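Asker: The following block contains a protein sequence and its predicted model.
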Amino acid sequence: MRFLRQYSYHMEILIKASQFLLSLSLLIVLHEFGHYLPAKLFKTRVEKFYLFFDAWGKKLFSFTKGGTEYGIGWLPLGGYVKISGMIDESMDTEQMKLPAQPWEFRSKPAWQRLIIMLGGVIVNFILGFLIYIMIFNVWGENYVKSEDVKYGMGVSKTLENYGFQQGDKLLKANGKVIENALDINQMLLMRNVTRVEVQHQDGSTELIQLPEDIDMELFQSVGMDAMSPRFPFVLDSVLEGSTSAMAGLLKTDKIISVNETPINYWSDVTYGIQNAKESASIKVERDGEILDLDVAIGERGKIGIAPKLTDKDYITMSHREFSIGESIPKGISEAYWKLRDIVVQFKFVFTSKGASSLGGFIAIGNIFPASWSWPAFWSITAFLSLMLGFMNLLPIPALDGGHVVFTLWEMITGRKPSDKFLEHAQVVGFILLMGLLLFANGNDVYKWITGQL
């Protein structure tokens, strides 16, 4: 059995990694093609086009055609196109010491250079919109109507303080009918929802007013776990080495209460743990006997247990299909809201909790499902494409956005930044990006070691 569990675990990792690598490769190639195409159109020489980095001259594969070297590097941290006469990742300062040539980037008009630099993010945005259109046309949409949440919603203490009750059913948000009840956390954290109409378990309805800063309050307290469908459960597993295992909790135990909160649904367990401080008093039934266990709260409010559904019909999924004509506005709307969510949630990064939540390649890879799913693959790829486009637009030297800022400055003032200034800016930007990359992937390693990933 242990061998089978290990085999299954390693297969899941392999499938996730394969999806991540395929998605990443696709996004990198198309992003760089967005720079390559206008460069060629404006007769600018492109010396290299690489998927991944050929650091220290090492590469897995390459060939040369039309004066451009195409290849695959060995370092999977991105990719690049090397455009003649441009200060970029290659830091080819020797070339910049020579007189400018007509085919070089630095010899082109500012408007052409701007288009070349914006080409990558434009492709990312277009790709994200097109993929969402394709998803709705090919696979349609699954959603959960509020009335189809059998046991209602479990809510956090923060939302209880504003009038929500356990078992509420969602009706409207900001005056509009909630089409998919599973979107509620996203709506509360990123879509400026301050009015939610609910139906309580006694059948009465209430319009609940929320403060303007409810998004930050929820992020700091419970993150994306503010509200979720309730479902009855039994324990499926107790993680070996977790605080629950050390306290003596067994997967065959029936949890009666957590910090005096009676347990009927899994959301009751998370509610009790969220409101605990350093430890949770858990009452369990074992072989007809009631036991009291003191379980320490681990990192990120986890205690190392997982539920198993006892009613798979706790939600009823609805489905709708879209014609090509219907999928275009639907896909555009979905991509718009996803991009808006990416921009809005960027503010969370500047909080201590947001910084600690930053993830690198492992965290991104874990977004993909453990079994191959084309709808999930394309949906995640579309989201990552939009995110890549936004991140590259940030006004940081070494990113496309940094080059765009310098070019716009030149177009507005008529003064072009010196090559020496651009070289120094590129170095500073590169150091910042490497620091961020190390920090995010360091977070991944820490979470993996502590069992949070």
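Answerer: Sure thing, it's come through.
Asker: what's near enough to touch the nearest residue to G304 once chain neighbours are set aside?
Answerer: In space, and not counting its chain neighbours, G304 is closest to S242: 2.2 Å by C-beta to C-beta, 6 or more residues apart in numbering. Every C-beta, even on glycine, is put in place using the N, C-alpha and C of the backbone. Contact partners of S242, counting by C-beta atoms under 8 Å, 6 or more residues apart in numbering, are G298, K302, I303, G304, I305, G451.
Asker: Report the separation between the fifth one and A181.
Answerer: It stands for I305. 25 Å (C-beta to C-beta, to the nearest Å).
Asker: I'd guessed K283 sits against L291; true?
Answerer: Yes - using C-beta atoms under 8 Å, K283 is in contact with L291, at 7.2 Å.
Asker: ok, back up a step: closest one of the contacts of S242 to W74?
Answerer: G451 (31.0 Å; C-beta to C-beta).
Asker: Would you map out the domains in this protein?
Answerer: Domain assignment for the chain by automatic domain parsing gives 19-137+379-449, 146-228, 233-309.
Asker: E206 in helix, strand or coil?
Answerer: Under DSSP: H, G, I helix; E, B strand; the rest coil, the three-state class of E206 is strand.
Asker: does it have beta-bridge partners, and which?
Answerer: V198 (DSSP bridges).
Asker: and it, what does it touch?
Answerer: G163, E197, V198, H200.
Asker: do D225 as well
Answerer: Counting by C-beta under 8 Å, 6+ apart, D225 has contacts S156, N185, T270, Q274.
Asker: Would you mind measuring from it to G154?
Answerer: 9 Å.
Asker: shared neighbours, these two?
Answerer: T270.
Asker: quick one: H31 is in a helix?
Answerer: Yes - with three-state DSSP as the criterion, H31 is part of a helix.
Asker: any idea of the pLDDT on it?
Answerer: In this model, H31 is scored at 96, pLDDT.
Asker: Over to M153?
Answerer: 96.
Asker: okay but it is in contact with G167, surely?
Answerer: Yes - assessed by C-beta under 8 Å, M153 is found in contact with G167 at 7.1 Å.
Asker: those helices in the stretch 201-350 of the chain, which residues are they?
Answerer: 214-221, 243-247, 266-274, 324-345 (DSSP state H, counting those that start in this stretch).
Asker: Any buried residues in the second one, and which?
Answerer: In other words, helix 243-247. Going by neighbour count (16 or more other C-beta atoms under 10 Å), the buried part of helix 243-247 is T243, S244, A245, A247.
Asker: on that earlier part again, quick one: which of the contacts of E206 is most hemmed in?
Answerer: V198 (25 neighbours; other C-beta atoms under 10 Å).
Asker: could you measure that one against I184, distance?
Answerer: 10 Å.
Asker: list residues touching both of these two?
Answerer: L170.
Asker: where does the residue nearest to the spatial centre of the chain land on pLDDT?
Answerer: Ranked by distance to the mean C-alpha position of the chain (C-alpha atoms, centre = their mean), the top residue is I364 at 6.8 Å. Confidence at I364, expressed as pLDDT, is 83.
Asker: do Y336 as well
Answerer: Listed pLDDT for Y336 reads 96.
Asker: hang on, the earlier thing: overlap of the contact sets of M153 and G167?
Answerer: With contacts defined as C-beta under 8 Å, 6+ apart, the residues adjacent to both M153 and G167 are R230.
Asker: who's more crowded, these two?
Answerer: For M153 versus G167, neighbours defined as other C-beta under 10 Å are more numerous around M153 (23 against 20).
Asker: Check the gap between the more buried one and N142 for me.
Answerer: Applying C-beta to C-beta, the value for M153 to N142 is 18 Å.
Asker: ok, now E206?
Answerer: 29 Å.
Asker: Below-threshold pLDDT in the protein: ranges please.
Answerer: 1-7, 9, 88-97, 299-300, 354-356, 444, 446-453 (pLDDT under 70).
Asker: Surely N443 touches G359?
Answerer: Yes - applying C-beta under 8 Å as the test, N443 and G359 come out as touching, 6.1 Å apart.
Asker: More neighbours: which of the two?
Answerer: With neighbours defined as other C-beta under 10 Å, N443 and G359 compare such that N443 has more, 20 against 16.
Asker: How about that one, nearest residue that isn't a chain neighbour?
Answerer: L358 (5.5 Å).
Asker: Got the phi and psi for that neighbour?
Answerer: Main-chain torsions, L358, degrees, to the nearest 10: phi -60, psi 140.
Asker: Relative to N174, how far out is it?
Answerer: For L358, the distance to N174 - C-beta to C-beta - is 30 Å.
Asker: and if you look at T252?
Answerer: 46 Å.
Asker: now A100
Answerer: In terms of C-beta to C-beta, A100 sits 55 Å off from N174.
Asker: number of nearby residues for A306?
Answerer: Neighbours around A306, by other C-beta under 10 Å: 12.
Asker: quick one: contacts for it?
Answerer: L235, D236, S237, L239.
Asker: Select from these every entry located in strands.
Answerer: Among the contacts of A306, the members found in strands (DSSP state E) are L235, D236, S237.
Asker: and the contacts of E206 as CSV, adding distance to D287?
Answerer: Output for those, formatted as CSV (distance: C-beta to C-beta, whole Å):
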residue, distance to D287
G163, 41
E197, 46
V198, 40
H200, 38
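Asker: ok, so of these, who is nearest G67?
Answerer: Nearest member of the contacts of E206 to G67, counting by C-beta to C-beta, is E197, at 63.5 Å.
Asker: Who are the contact partners of the closest one?
Answerer: E197 makes contact with L170, L171, K172, A173, T205, E206, L207, I208 under the criterion C-beta under 8 Å, 6+ apart.
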